[in-house]
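Pasting the sequence and the predicted coordinates here, then a few questions.
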Amino acid sequence: MVKRQYMNIKALLRKLTLEEKVGQMTQVTSHLYLKDNSSDEIDPKKLAKAVVNKKVGSILNVKTHAFSIKKWDEVIGAIQGQVLKTKNKIPVLYGIDSIHGATYVKGATLFPHNIGMAATRNNDLVAAAAKITAIETRAAGIPWNFDPVFDVGRVPAWARFEETFGEDPYLCGQMAGAAVTAYQGDDLRAPDTVAACMKHFLAYSSPDSGHDRTPTNISENQLREIFLPPFQEAVNRGVATVMINSGEINGVPVHGSYKLLTTILRKELKFKGLAVTDWEDIIRLHTRHRIAATPKEAVGIAINAGIDMSMVPFDFSFTKYLIELVKEGIVPMKRIDEAVTRILQLKKDLGLFENPLGKGSEPVKLNTAERQQTSLKAAHATMTLVKNGKGKKSSLPLSKKTKILLAGPAANNVSCLHGSWSWTWQGKEVGQYPKSVKTIHKALTEKLGKGNVICFSKSKYEAADNFNIKKLQAAAKKVKIVKL
């Protein structure tokens, strides 16, 4: 269990104006401090507007791709430098999606996705990967990780299934729980820890359509027996934060549900930490779910339901609307103070008031030989051999004289091997991968020899060669093994 670091939060809270309090509840994306859509360069004026003028409490994300440690030092340093210009000098809390390793830190160690780790049935291995992820994320000065996923994967068509630990509630709770414990350690001020985030509360992984952020219809029994237990495990382990389901359950958007966000999450599960929205989800109470007549009404519904921080993320509209709602008496100051207290307490627990740069004093080397071995061990453990015959009927191991046909776009595409949250959001930009990463085609050619591997696959899925059946059939007659 994480030790809480106590300062006089109440005294600090009394100093804050309404504008400062609402600013603490505002989270914006990195787009708002960079110069343009294709640049990684900081715009000091934009950054000052966010931190000094609008008093935002949190920033997240990268705009384009993973940053180097040097670049992250520049970014975090510039942000916290602006904080020094503010009256109360409350540090900004930076958050990132380090989903299967420190995925937005160049040169960091990557691991198999959660669904692969679930196949290992090895909590210790999950914990080892999470600890390395925490070290390499915090090395960039980022103390808050939007992971792990506690969603129970019951709909294989769901687009984010790879982030789950599978379909079993107990397994999900234990494996994701092991990650929380490893992420957070005993002291969030330590340079090998990050604040974890259980997500996405609740039943996000069970959309009726299989599409992301879409409705689910589910009985109360299923909700409590299947989807709730992993989150209870997270709370029992002292998870610091929670991210909310973008969809709706039985016609009620979760971001507007007092029952889910306060009655169940706070009163039943006894969760004490910070509740943050997912991407742009408060305004969607107006634009998508249609339970709010205006964006301003959407803000009031979400905050009164139990949201503490809004991942707005592209503008400062949330701040404006919430200030108005408080002045109009629609959102009580008690609710604001409750949310801001949680935010300030997390910043204190992370040691940001004393060390706003959020990292240890010693430089951290990324992707060391030892960490590479842990990653390799995890990769080996995730592989499942469904069937292998005996003697001459065996498929593996491959003889070096074996002639094989490789087919399908995954044969010549490294992004297929890593998936989402790999150097970029969808992991599709091949140029961002380290040169050491090999395609299946290249790796097998090195093992078996160029003459023993036939492959005319293209990395683009729509390429004609990937679907040339006659060409594939002709090639298959010349080989012993076909790999699709």
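Great, that's in hand.

Pro313 contacts Thr29, doesn't it?
Yes - with contact defined as CB atoms under 8 Å, Pro313 counts as touching Thr29 (3.8 Å). No exception for glycine: its C-beta is placed from N, CA and C like everyone else's.

per-residue confidence at the nearest residue in space to Ala379 that is not next to it in sequence?
Nearest non-adjacent residue to Ala379, counting by CB to CB, 6 or more residues apart in numbering: Pro112, 5.8 Å away. pLDDT recorded at Pro112 is 96.

measure Pro112 to Val126 for me?
To Val126, Pro112 is 10 Å away according to CB to CB, to the nearest Å.

ok, how many other residues are close to Phe316?
19 (other CB atoms under 10 Å).

and the nearest residue to it once chain neighbours are set aside, what does it touch?
Leaving aside its sequence neighbours, Phe316 sits nearest to Lys54 (CB to CB, 6+ apart; 4.9 Å). For Lys54, the contacting residues are Gly23, Thr26, Phe316, Thr319, by CB atoms under 8 Å, 6 or more residues apart in numbering.

so where does the first one fall, helix or strand?
The secondary structure element spanning Gly23 is helix 18-24 (assigned by DSSP states H and E).

Mark out where each domain of this protein begins and ends.
As recorded under automatic domain parsing, the domains making up the chain are 9-349, 385-483.

Please work out which of those is packed deepest.
Among the domains of the chain, domain 9-349 has the highest mean neighbour count (mean count of other CB atoms under 10 Å), at a mean of 20.

and it, how far from the chain's centre?
Remark: domain 9-349 is offset 9 Å from the chain centroid, using CA atoms, centre = their mean, to the nearest Å.

circling back to that earlier point, residues that sit against both of Pro313 and Thr29, list them.
Here Pro313 and Thr29 have Leu60, Asn61 as joint contacts, going by CB under 8 Å, 6+ apart.

Phi and psi next, for the closest residue to Gly389 other than its chain neighbours.
Leaving out its chain neighbours, the residue that sits closest to Gly389 by CB to CB, 6+ apart is Ser395, at 6.6 Å. Dihedral angles of Ser395 (phi, psi; degrees, to the nearest 10) stand at phi -90, psi -30.

which stretches of this structure form strands?
Ranges of strands in the chain, per DSSP state E, are 26-29, 58-60, 93-96, 144-145, 197-201, 241-244, 248-249, 252-253, 274-276, 310-311, 404-406, 453-455, 481-483.

how long is stretch 11-28 end to end?
One end of stretch 11-28 sits 26 Å from the other (CA to CA, to the nearest Å).

wait, stretch 35-46
Span of stretch 35-46 from end to end, CA to CA: 8 Å.

Mind checking the pLDDT average for it?
What stretch 35-46 shows for mean pLDDT is 85.

List of residues touching that stretch?
Stretch 35-46 is contacted by residues His31, Leu32, Tyr33, Leu34, Lys63, Thr64, Phe67, Lys71, Glu74, Val75, Ala78 when judged by CB under 8 Å, 6+ apart.

same thing but 7 Å
Here stretch 35-46 makes contact (CB atoms under 7 Å, 6 or more residues apart in numbering) with Leu32, Tyr33, Leu34, Thr64, Lys71, Val75, Ala78.

ok, Pro332 to Ser310 distance?
The gap separating Pro332 from Ser310 is 17 Å, by CB to CB.

wait, I meant Asn250
Distance of Asn250 to Ser310, given as CB to CB: 24 Å.

Then Gln184?
Separation of Gln184 from Ser310 (CB to CB): 24 Å.

Confidence-wise, which helix or strand of this structure is lowest on average?
Least confident helix or strand, the chain: strand 481-483 with a mean of 74, by mean pLDDT, DSSP states H and E.

which stretches of the stretch 151-300 of the chain form helices?
For the stretch 151-300 of the chain, the helices defined by DSSP state H, counting those that start in this stretch occupy 169-184, 220-222, 228-236, 258, 284-287, 295-305.

and the last one, average pLDDT?
Spelled out, it's helix 295-305. Helix 295-305 shows a mean pLDDT of 98.

one step back: ok, so what distance separates the residue nearest to Gly389 from Ile404?
The gap separating Ser395 from Ile404 is 11 Å, by CB to CB.

Quick check: which ranges of the protein have low pLDDT?
Along the chain, segments meeting pLDDT under 70 span 1-7, 37, 483-484.

Report the central residue of the chain.
When CA atoms, centre = their mean is applied to the chain, the residue found nearest the centroid is Asp97 (3.3 Å).
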